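Enquirer: Attaching a predicted model along with its sequence, questions to come.
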Amino acid sequence: MSATNRNRAGVRRREGASPTFVDSLLVFLDRCGYPRPVSEKDITEELIVSRIADGPVPAAYLITLAERCDFEAHPLLAEAALRTGTRRGSGGENGGPPPRGSRAAKRSAAEELEEAFSRVFKSLGEVREGQLEMARAVRRALDAGGVALLEAGTGTGKSLAYLVPSAIHWLRTGERTIVSTYTKSLQDQLIRKEIPLLQEALAVDVRAERLLGRENYLCTRNVIIGASKLADGTTAPALALALFLSLSESQTIDSMGTLPGGMSAASLAAPPRCPMNACGFAERCPLVRARKRAREAGILFVNHALLLTDYRQGGSVLGPYARVIFDEAHQLERCIIENLSIKASREDVSRAIEPLRLSGREDDAWKLLSNELGRSPLSGGWKGLRKRLAREAKELDNAYRALFRDVAESLNPGGSLRSVRSRYIDGGATFADTARAFKDNSFNINAFAEVLKPISEVRLSDALSAFQQEISCAGEELGALAESLRYLSAGQDEESVFWVDWDRDGSLREICGSPLGVDRAFADYLEGFLGTAVFTSATLSQNGSFAFIKDRLGLRLMPAKPIELIIPSPFPFDANCLVLVASDLGDPNGDGFAEPVSEIVSGLA
């Protein structure tokens with residue numbers, strides 16, 4: 001059936017018992033080994049058309065695949081193609097912030113909070129005084145700014161205690177709140193359980209979104225590449241893959257599960273150096289859409305790592321914000337240290353230069369780039385640039401890998417250290433032998449990055465925008481690697497610890513350095529970037545004092561005194577807990593320790 005005839009046929013609605021296009025599509029996915037992306041009771045032709053029209057894979061590409069195999073649901077694809085580009089709100093865009101001060105005239109924020117929790121308590125069937133006390137403290141911190149340390153024992157209901165005042169603050173001022181957690185499981189709970197309760201309590205649609213790291217989202221370009229590889233054999237598996245990904249609601253890697261045919265969901269994820277808006281598929285990109293929704297949300301859920309990465313990148317990921325609530329704050333110091341840690345692995349150079357496609361003999365992007373550089377006002381020997389870069393890149397990669405071999409020979413000559421970490425200290429007889437090689441590699445890598453810089457800065461045609469972005473990202477990554485090598489080569493900083501990570505075969509996998517403390521760096525973030533920072537957890541204090549966490553996170557360096565509140569758990573643990581002290585289990589590091597522990601736990605369970 002031609003595209004014209006399919007368009008005339010229209011989309012049949014699922015009203016009778018006769019087979020429909022939906023049935024044909026589901027049978028096709030079943031035959032190719034894919035699970036149902038939507039439950040059978042909920043799926044309709046309208047839902048399928050809508051998701052395909054707004055999904056990560058262009059409907060025109062799906063039609064091209066469908067025309068080459070036995071696929072009976074062509075009209076669904078044709079209808080989706082007609083709708084494509086007419087529903088720009090479908091990526092989750094939700095209209096921006098509420099009018100500033102739109103709710104302020106009727107009641108004060110304090111009154112609105114009390115009324116909201118009267119509805120919460122009525123819905124829950126109980127009054128939680130500790131929850132309301134914590135919510136009042138969060139409201140004060142959001143309104144006045146500053147730092148709050150709030151420990152709330154298990155059963156307090158701290159999630160709603162910070163979500164309700166955050167939503168009220170957004171509705172009254174238009175300022176969004178970032179809720180940062182350590183685990184995805186807590187985010188799942190907040191979105192699926194707490195946000196519906198919040199909507200009910202406030203009787204208003206609160207725009208809440210979750211943003212993950214880019215490696216969690218599908219990449220349209222990688223999906224098409226993956227489908228094209230499958231299409232080299234027979235077209236049906238390629239179409240099934242593209243259809244399944246188009247119909248999946250979340251379009252995240254975790255939701256994909258195991259794909260048929262040995263396809264790894266991770267291979268379809270957004271690359272570390274995604275060109276974002278410069279990509280030709282940006283309008284369909286799940287990552288670009290997720291970031292747009294994140295900037296428009298009243299409450300945004302992220303994890304600690306993404307929040308800290310955004311800060312290091314100057315706010316380019318999350319956009320402007322000034323209010324943050326750190327839940328699971330007892331894990332925050334560890335995340336900050338990991339974020340500030342420097343690591344160099346033996347594949348760093350080859351991974352950085354791979355997107356430049358220097359080794360290929362024929363590449364249209366390089367041909368076009370050479371022509372445009374030749375016409376640019378920049379001076380320089382652009383002729384033969386690719387060959388020169390390819391030669392220098394190979395030399396760079398070889399020298400870098402040799403550095404890792406030399407360090408391994410110095411610190412692990414017999415290869416006895418395997419699958420372990422060991423500290424190193426410069427100035428000793430071993431590591432000092434390779435210090436010069438560190439500096440040479442750092443200099444050469446930085447010099448190569450400088451060669452790429454003019455290419456990324458010159459004005460080129462739109463056809464080269466994506467490739468130019470890849471060149472720019474490669475240069476930035478190499479520049480960062482050169483800086484990392486300078487830091488790691490020192491190895492004597494009293495404020496840091498340095499170690500090497502050995503692979504299973506005794507080879508050197510990574511060279512690492514990490515700060516011993518984060519107090520000053522984190523205090524700079526709080527003071528220079530945030531208006532409000534609320535730290536909460538069920539375990540935040542020690543012996544009734546916040547002194548330890550204030551020291552570790554640099555809160556003592558802040559000019560204003562923080563709000564401090566400890567709310568005990570409403571559960572009578574001492575009347576409902578059994579404590580067993582087992583003192584005869586042997587060495588916890590011994591090989592046989594797990595067996596008696598498992599027997600005791602099994603018996604107790």
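Expert: Perfect, thanks for sending it.

Enquirer: what about Ile455, is that helix, strand or coil?
Expert: helix (DSSP: H, G, I helix; E, B strand; the rest coil).

Enquirer: What is the burial count for it?
Expert: Look at Ile455: counted by other C-beta atoms under 10 Å, it has 24 neighbours. Glycine gets a C-beta too; all of them are placed from N, C-alpha and C.

Enquirer: contacting residues for the residue nearest to it when sequence neighbours are not counted?
Expert: Closest residue in space to Ile455, ignoring its immediate chain neighbours: Ile471 at 5.3 Å, by C-beta to C-beta, 6 or more residues apart in numbering. Ile471 makes contact with 355-356, 452, 455-456, according to C-beta atoms under 8 Å, 6 or more residues apart in numbering.

Enquirer: any idea how far Thr234 is from Ile471?
Expert: Counting by C-beta to C-beta, to the nearest Å, the gap from Ile471 to Thr234 is 37 Å.

Enquirer: A helix includes Ser569, no?
Expert: No: Ser569 is assigned coil when assessed by three-state DSSP, not a helix.

Enquirer: From Pro570, how far off is the closest residue to it other than its chain neighbours?
Expert: Nearest residue to Ser569 in three dimensions, chain neighbours excluded: Gly153, at 2.8 Å (C-beta to C-beta, 6+ apart). According to C-beta to C-beta, Gly153 and Pro570 sit 7 Å apart.

Enquirer: Need the overlap of contacts for these two.
Expert: In contact with both Gly153 and Pro570: Gly130, using C-beta under 8 Å, 6+ apart.

Enquirer: show me what contacts Asp462?
Expert: Asp462 neighbours (C-beta under 8 Å, 6+ apart): none.

Enquirer: same check, this time on Met276
Expert: 282, 285, 287-288, 291.

Enquirer: what do you get for Arg520?
Expert: Counted by C-beta under 8 Å, 6+ apart, Arg520 has contacts 554, 557.

Enquirer: now do 10 Å
Expert: Contact partners of Arg520, counting by C-beta atoms under 10 Å, 6 or more residues apart in numbering, are 495, 554, 557.

Enquirer: which residue packs closest to Pro286, ignoring adjacent ones?
Expert: Gln251 (4.0 Å).

Enquirer: cool, Asp397 as well?
Expert: Here the residue nearest Asp397, using C-beta to C-beta, 6+ apart, is Val349, at 4.6 Å.

Enquirer: Skipping its backbone neighbours, what lies nearest Ala240 in space?
Expert: Nearest non-adjacent residue to Ala240 (C-beta to C-beta, 6+ apart): Cys32, at 3.5 Å.

Enquirer: One more: Ile191?
Expert: Arg210 (6.0 Å).

Enquirer: so that neighbour makes contact with Val179?
Expert: Yes: the criterion here is C-beta atoms under 10 Å, and Arg210 meets it with Val179 at 9.3 Å.

Enquirer: between these two, what contacts are shared?
Expert: Counting by C-beta under 10 Å, 6+ apart, the residues touching both Arg210 and Val179 are 187, 190, 299-302.

Enquirer: tell me which of these is nearest to Leu340?
Expert: Val302 (17.9 Å; C-beta to C-beta).

Enquirer: give me the element the closest one is part of.
Expert: strand 299-303 (DSSP states H and E).

Enquirer: Any chance you could give me the helix or strand just after that strand in CSV, C-alpha atoms only?
Expert: Counting by DSSP H and E, the element after strand 299-303 in chain order, helix or strand, is helix 304-312. What follows is helix 304-312, C-alpha atoms only, in CSV (Å, rounded to 0.1, in the frame of the first residue of the first chain):
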residue,chain,number,x,y,z
HIS,A,304,23.8,14.4,44.4
ALA,A,305,26.2,13.5,41.6
LEU,A,306,24.3,15.3,38.9
LEU,A,307,23.8,18.4,41.0
LEU,A,308,27.5,18.7,41.8
THR,A,309,28.4,18.1,38.2
ASP,A,310,26.1,20.9,37.1
TYR,A,311,27.8,23.2,39.6
ARG,A,312,31.2,22.3,38.2
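
Enquirer: Could you check how far the next helix or strand after helix 304-312 is from the centre of its chain?
Expert: Counting by DSSP H and E, the element after helix 304-312 in chain order, helix or strand, is strand 323-326. Put simply, strand 323-326 sits 18 Å off its chain's centre (C-alpha atoms, centre = their mean, to the nearest Å).

Enquirer: What is strand 323-326 packed up against?
Expert: Counting contacts by 3 or more C-beta pairs under 10 Å, 6 or more residues apart in numbering; DSSP states H and E, strand 323-326 packs against helix 129-144, helix 158-173, strand 177-181, strand 299-303, helix 304-312, helix 519-529, strand 532-537.

Enquirer: and the angle from the second one to strand 532-537?
Expert: Orientation check (axes from the mean of the first three to the mean of the last three C-alpha atoms, to 10 degrees): helix 158-173 against strand 532-537 gives 170 degrees.

Enquirer: Please apply the same query to the first one.
Expert: Between helix 129-144 and strand 532-537, the angle formed by their directions is 160 degrees, by the same axes, to 10 degrees.

Enquirer: Mind giving me the packing neighbours of helix 129-144?
Expert: Using 3+ C-beta pairs under 10 Å, 6+ apart: helix 129-144 touches helix 109-124, strand 146-152, helix 158-173, strand 323-326, strand 532-537, strand 563-567.

Enquirer: Flag every buried residue along stretch 268-281.
Expert: Of all the residues in stretch 268-281, those buried under the rule 16 or more other C-beta atoms under 10 Å are 268-270, 273-275, 279, 281.

Enquirer: Enumerate every residue touching the closest residue to Ala352 other than its chain neighbours.
Expert: Leaving aside its chain neighbours, Ala352 sits nearest to Glu477 (4.5 Å; criterion: C-beta to C-beta, 6+ apart). Residues in contact with Glu477 (C-beta under 10 Å, 6+ apart) are 272-273, 348-349, 351-353, 355, 445, 449.

Enquirer: backbone phi and psi for Leu417, please?
Expert: phi -80, psi 110 (degrees, to the nearest 10).

Enquirer: ok so, going back, need the shared contacts of Arg210 and Val179 in CSV (columns: pLDDT).
Expert: Output for these, formatted as CSV (pLDDT from 0 to 100):
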residue, pLDDT
Gln187, 94
Leu190, 95
Ile299, 96
Leu300, 97
Phe301, 97
Val302, 96
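
Enquirer: Give me the neighbour count for the closest residue to Ile325 other than its chain neighbours.
Expert: The shortest distance from Ile325 to any non-neighbouring residue, by C-beta to C-beta, 6+ apart, is to Val534 (4.4 Å). Val534: 27 surrounding residues under other C-beta under 10 Å.
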